[in-house]
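Colleague: Okay, predicted coordinates and the sequence, questions at the end:
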Amino acid sequence: MGKTGVDPQERKALVRARIEHSGTLPTLPQVIARIVEMVDDERTTARQLGAEIAKDQVVSAKVLKLVNSGFYGFSQTISTIPHAVAMLGFDTVKSLVLSSGVLEMMDNALPGLWDHSLACARACTFIAEEADLEAPEEVSVIGLLHDLGKVILSQTLVDDFARIRQRAERGAMLLVQSELDVLGCHHGEIGAWLLSKWALPAKLTLPIADHHDFRPNRDHAQRTAAVHLADVLVRAEGFGSGGDRRIPQLAAATLDTLGFDLERVERIMNRLHADLGELSRA
């Protein structure tokens with residue numbers, strides 16, 4: 001039992017119910033639901049998916065803006081949806097379609113959150129490449145969306161989120177610790193709830209859920225280690241803002257899980273400095 005006398009799992013279930021019944025949780029417009037349905041159909045071709053997304057000019061524009069915003073580091077502009085699908089794959093484009101509206105709310109939730117998320121996405125790409133992980137573009141999406149739960153909290157539990165931020169500032173603590181104290185769960189879990197509701201696969205949602213609770217024996221441990229390390233490095237360098245001024249402690253076994261030594265971490269840091277030198281810092 002927690003300090004509230006309520007079982008921790010029951011406490012999480014109550015928070016989840018409050019969020020899902022808040023009436024402000026982002027939902028899928030019909031056009032996006034159709035795109036998601038097509039992605040999940042193994043018979044869908046890249047050409048068909050690109051054509052369907054291109055039918056909606058607003059969704060297309062948002063996806064192309066994300067693709068070209070810097071976190072993939074393409075040397076040339078991706079100007080069409082079919083090109084984006086061919087370069088990134090179905091699951092990544094699906095993630096971008098689903099998140100295109102939510103990402104616009106990031107800086108409304110917390111000033112600097114977009115820059116922090118963008119930097120984390122780039123760091124995830126570098127880490128995935130350095131560790132030779134499969135589908136580094138998917139790991140980048142995980143980095144982009146790792147703090148989605150903060151957006152959800154700011155939209156659905158407004159008073160609680162204000163209290164969480166106030167406690168974190170007054171107590172000079174990580175926002176995630178304040179979330180756990182107030183709610184009994186944190187933004188990683190909350191973001192993963194929404195993405196699971198939107199039918200994203202566990203290879204994308206579980207690393208988001210666990211990025212503040214890395215355990216090497218869990219599924220998709222290398223991807224979780226990647227986003228956890230990315231978050232720590234980006235915070236240490238002050239790219240954007242995650243909502244507090246503290247740096248999370250790097251979990252034991254993170255570097256071993258990725259096969260890293262300090263020299264490889266330094267290489268990633270040098271790439272971040274070269275790639276994100278113009279990004280705003282906290």
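Modeller: Done, it's in.
Colleague: what bits of the stretch 1-150 of the chain have low per-residue confidence?
Modeller: For the stretch 1-150 of the chain, the stretches flagged by pLDDT under 70 are 1-5, 26-29, 70-71, 73, 101-103.
Colleague: ok, which stretches of it are helices?
Modeller: Ranges of helices in the stretch 1-150 of the chain, per DSSP state H, counting those that start in this stretch, are 8-20, 30-39, 46-54, 57-67, 81-88, 90-103, 106-109, 113-130, 136-145, 148-156.
Colleague: now for the fourth one, which elements pack on it?
Modeller: Spelled out, it's helix 57-67. Here helix 57-67 touches helix 30-39, helix 46-54, helix 81-88, helix 90-103, going by 3 or more C-beta pairs under 8 Å, 6 or more residues apart in numbering; DSSP states H and E. C-beta coordinates here come from the backbone N, C-alpha and C atoms, glycine included.
Colleague: orientation of it relative to helix 113-130 in degrees?
Modeller: Using axes from the mean of the first three to the mean of the last three C-alpha atoms, to 10 degrees, the inter-axis angle of helix 57-67 relative to helix 113-130 is 60 degrees.
Colleague: what comes up buried for helix 57-67?
Modeller: Buried residues in helix 57-67, counted by 16 or more other C-beta atoms under 10 Å: 59, 60, 62, 63, 64, 66, 67.
Colleague: How much space separates the second one from residue 89?
Modeller: Translated: residue 60. Distance, residue 60 to residue 89, by C-beta to C-beta, to the nearest Å: 17 Å.
Colleague: and if you look at the fifth one?
Modeller: Here residue 64 is placed at a distance of 16 Å from residue 89 (C-beta to C-beta).
Colleague: picking that back up, nearest to residue 263 among the helices of the stretch 1-150 of the chain would be which one?
Modeller: Closest of those to residue 263 is helix 113-130, at 10.6 Å (criterion: C-beta to C-beta).
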